[in-house]
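A.B. asks: Quick one, what's the 3D model for this:
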Amino acid sequence: MAGEDRYKYFRIESRELLEALSSGVLELERGEAEAPAVGRLLRLAHTLKGACRVVRQPRLAELAHELEDLLGPLRDGGKVAERVRIDRALALLDEFGAGVKALDAPAAVAVLEAVSRRQEPAVASRHPAAQEEEPIETIRVELAELDGLLEDAYEASVQTSALRVGLPQLEKSRRLVESLREQLGGRGAAAAGRQRVELTLSRVRELAAQASELLERGLAAMRAGVDRVERELADFRGRASHLRLVPVAVLFHGLERAARDAARSLGREVDVTTSGGEVRLDAHVLAALREALLHLVRNAVAHGVEPPAARLAAGKPACGRVRISVSRERGEARVACADDGRGLDQEAIWRAAAARGLAPASGESRTLDEMIRVLMRGGVSTTMDADHLSGRGIGLAAAQESLARLGGDIEVRSVPGQGVTFELRVPITMSALTALDVAAGGVELSIPLDAVRQVVRVGKGELFESGDGLGVTHEGGVVTFVPLSRLLGRDVPGHPRERTWSAVLVERAGRRVALGVDRVQGIENVVVRSIPAAAGTSPVVAGASLDAAGNPRLLVDPAAAVELASSGMAVTNSPGSREPLPVLIVDDSLTTRMLEQSILETAGYRVHLATSGEEALQMAGQTRYSLFVVDVEMPGMDGFEFVERTRSHPDFRQVPAILVTSRSSVQDLERGSRAGASAYIVKSDFDQNVLLRKIRELVS
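C.D. replies: Here you go, the predicted model:
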């Protein structure tokens with residue numbers, strides 16, 4: 001069939017076999033596998049070779065055959081799994097994975113031919129395929145689960161048919177009511193005497209009683225039918241949602257491989273332990289979590305775990321430990337990534353942040369929470385030489401952005417000399433959630449219930465000035481208050497202190513704010529739908545849903561709302577507020593300029609446009625901008641050169657610069673960091689909420 005992926009099932013099978021083989025090879029390296037386990041690996045390699053031959057891929061079959069040759073001598077215990085053999089096996093798996101990805105792609109022939117022309121034995125790739133896995137688009141489902149889902153669908157259909165039972169009774173009631181109306185309408189003309197009137201009234205009472213009885217029966221049948229259908233559909237939704245859940249354990253192999261290769265390249269020893277792999281998450285949540293954890297694992301090896309000599313001198317074992325644990329709590333998952341390394345070097349981080357203009361040089365009280373917020377902005381690194389693992393200053397920021405797309409967050413704990421723990425909190429699923437329905441500024445909204453701590457009434461005059469905005473007293477402390485409609489970019493008539501509010505206390509990452517709404521409407525389960533990036537919605541909007549009446553509701557992103565309200569940037573659109581911050585967009589593409597301008601102006605920024613780096617430098621000399629948003633690939637002066645020029649200019653060096661580009665290679669990321677970019681956003685992963693969140697962090 002035209003357009004059909006002829007390698008679809010080969011891709012699925014090979015991905016599973018590669019994961020099992022790679023995990024087994026790592027067990028061999030750790031000395032955890034016995035001879036029977038080697039036999040299993042040989043069978044997997046043989047199955048892989050057979051699958052290659054079925055789809056007529058002889059070059060990939062050669063790789064699988066070579067893997068068999070490598071593993072064969074280990075089966076009978078005649079050989080030990082020496083490091084060079086392990087490296088070669090992992091390299092073969094990487095090459096095989098690259099070949100599978102290239103199937104039917106424009107460069108497929110070139111890639112596979114390059115594989116077939118290998119001359120020298122390769123070592124394990126510094127960028128293994130396991131670390132750059134494809135999105136989770138296909139998952140295995142137990143046949144029994146599908147059977148149960150189909151049974152629920154059939155039962156719901158049967159119960160829907162049962163609703164029709166009450167329809168004849170309702171129709172008969174309708175006819176009786178019509179007859180009753182005729183009797184009443186003709187009573188005056190037909191009544192020729194008292195006896196006639198009494199007979200008519202008796203008949204009317206009889207018809208009314210029959211109509212009432214039939215209506216009650218019909219309504220009772222309808223109510224019972226609706227209840228049954230709702231129960232069946234709820235069960236159906238639950239089963240369907242469960243089919244989307246994938247065990248977290250599928251991530252562990254890739255994370256172990258990432259830590260292993262990072263440690264090898266840095267001359268360190270790392271042991272990765274995992275727990276909680278049985279916890280199941282939505283496939284989309286799992287994909288974003290994988291991206292965040294890869295950044296954290298690489299950071300743990302590059303910045304946390306010390307070299308063996310330094311660890312021994314500190315009284316630690318030469319081999320460092322990275323521990324990944326997953327647990328489930330209510331409707332969310334908590335994922336901890338901990339190492340036993342040196343901990344965060346706070347002095348070095350503050351010096352690096354001050355050098356980039358992201359923190360004062362000295363003299364102010366500095367807390368761990370403030371330092372974490374600086375790290376999450378990106379562009380701060382204590383490593384002088386950028387390489388493929390560290391020195392770019394974007395690892396933690398990238399992890400934060402991955403979680404932000406889910407409405408998740410990160411908490412950090414550091415003990416000098418003992419290590420760092422990053423605790424990630426993410427929803428179990430993004431397809432449906434329980435939410436608090438509210439109305440604010442004429443807009444119907446839903447706030448995820450897991451972020452709501454309390455709803456309180458704020459009377460007239462109870463608000464007071466606090467820092468950059470308003471505050472309200474709650475449980476002996478002060479909580480920042482902001483009207484939710486203001487976060488949506490809408491004007492608030494009059495002063496907020498002159499009216500009463502329903503305040504929804506929302507908490508994320510240990511920070512709490514009070515969102516002022518006009519009214520609270522109740523709690524319901526909502527199905528989340530994404531909003532196109534080009535739609536130009538507020539940065540606090542994470543998606544949309546439909547209520548029971550079919551009316552649209554916007555879904556509030558609690559993390560974005562807390563961040564925006566806490567930063568004091570939520571007042572840019574209100575009467576008498578600060579002047580909108582000026583932002584310069586530099587891009588030679590009209591489409592990109594217009595899209596970014598629409599997004600930023602909707603968020604309350606004053607936007608200027610430049611079509612080249614040269615024009616942008618001239619404009620920067622005339623207007624003091626708060627931020628540059630720059631494309632990389634432009635005729636003449638490209639984005640890298642523009643950022644380098646501004647970093648070396650005394651008037652511009654403190655202005656943050658975000659590079660937005662389609663180039664996503666490690667080399668491009670490193671070059672952007674060396675040029676002095678504050679953040680690097682890839683167009684293929686463009687998300688307006690991530691862009692706006694990053695801008696708020698940089699200009700606040």
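A.B. asks: Which strands and helices lie in contact with the top helix by length along the chain?
C.D. replies: If you go by DSSP state H, the chain has its longest helix at helix 194-243. Based on contacts counted as 3 or more CB pairs under 8 Å, 6 or more residues apart in numbering; DSSP states H and E, the elements that helix 194-243 packs against are helix 143-162, helix 166-190. Where you see a C-beta, it was placed from the backbone N, CA and C, and this is true even at glycine.
A.B. asks: Let me see the mean pLDDT of that helix.
C.D. replies: Summarised as a single mean, pLDDT over helix 194-243 is 72.
A.B. asks: Can you list the buried residues in stretch 584-603?
C.D. replies: Residues 584-588, 592-593, 595-597, 599-600, 602-603 are the ones in stretch 584-603 that count as buried (16 or more other CB atoms under 10 Å).
A.B. asks: Quick check: of the residues you listed, which lies closest to Leu659?
C.D. replies: Val586 (10.0 Å; CB to CB).
A.B. asks: Surely that closest one and Phe642 touch.
C.D. replies: Yes: counting by CB atoms under 8 Å, Val586 touches Phe642, with 6.5 Å between them.
A.B. asks: Name the residues contacting each of those two.
C.D. replies: Both Val586 and Phe642 are contacted by Gly613, Ala616, Phe628, Val630, under the criterion CB atoms under 8 Å, 6 or more residues apart in numbering.
A.B. asks: how close does the second one sit to Met634?
C.D. replies: When distance is defined by CB to CB, to the nearest Å, Ala616 is 9 Å away from Met634.
A.B. asks: domains of this structure?
C.D. replies: Here the chain is described, according to automatic domain parsing, as comprising the domains 1-125, 144-243, 257-429, 432-571, 582-699.
A.B. asks: picking that back up, so what's in contact with Ala616 and Met634 at the same time?
C.D. replies: Taking CB under 8 Å, 6+ apart as the criterion, Ala616 and Met634 both touch Val586.
A.B. asks: With neighbour numbers in mind, choose between the two.
C.D. replies: Ala616 (26 against 22; other CB atoms under 10 Å).
A.B. asks: is it true that that one lies in a helix?
C.D. replies: Yes: assessed with DSSP: H, G, I helix; E, B strand; the rest coil, Ala616 lies in a helix.
A.B. asks: Bridge partners for the closest residue to it other than its chain neighbours, pull those for me.
C.D. replies: Counting by CB to CB, 6 or more residues apart in numbering, Ala616 lies nearest to Ala610, which is 3.9 Å off, once chain neighbours are set aside. When bridges are called by DSSP bridges, Ala610 pairs up with Val586.
A.B. asks: One more: Ser275?
C.D. replies: Assessed by DSSP bridges, Ser275 has beta-bridge partners Ser325.
A.B. asks: With the one 5 residues further on instead?
C.D. replies: The residues paired with Arg280 through beta bridges, assigned by DSSP bridges, are Pro247.
A.B. asks: And Ala439, by the same measure?
C.D. replies: Bridge pairing for Ala439 - DSSP bridges - gives Glu444, Arg519.
A.B. asks: who touches it in this structure?
C.D. replies: Leu445, Val517, Asp518, Arg519, Gln521.
A.B. asks: Could you single out the nearest of these to Gly24?
C.D. replies: Nearest to Gly24 out of those is Leu445 (CB to CB; 49.8 Å).
A.B. asks: Not counting sequence-adjacent ones, nearest residue to the closest one?
C.D. replies: Per CB to CB, 6+ apart, closest to Leu445 is Leu554, 4.9 Å.
A.B. asks: in a strand, that's where the one you found is, yeah?
C.D. replies: Yes: applying three-state DSSP, one finds Leu554 inside a strand.
A.B. asks: does it really touch Ile447, like I thought?
C.D. replies: No: using CB under 8 Å as the test, Leu554 is too far from Ile447 to be in contact (10.0 Å).
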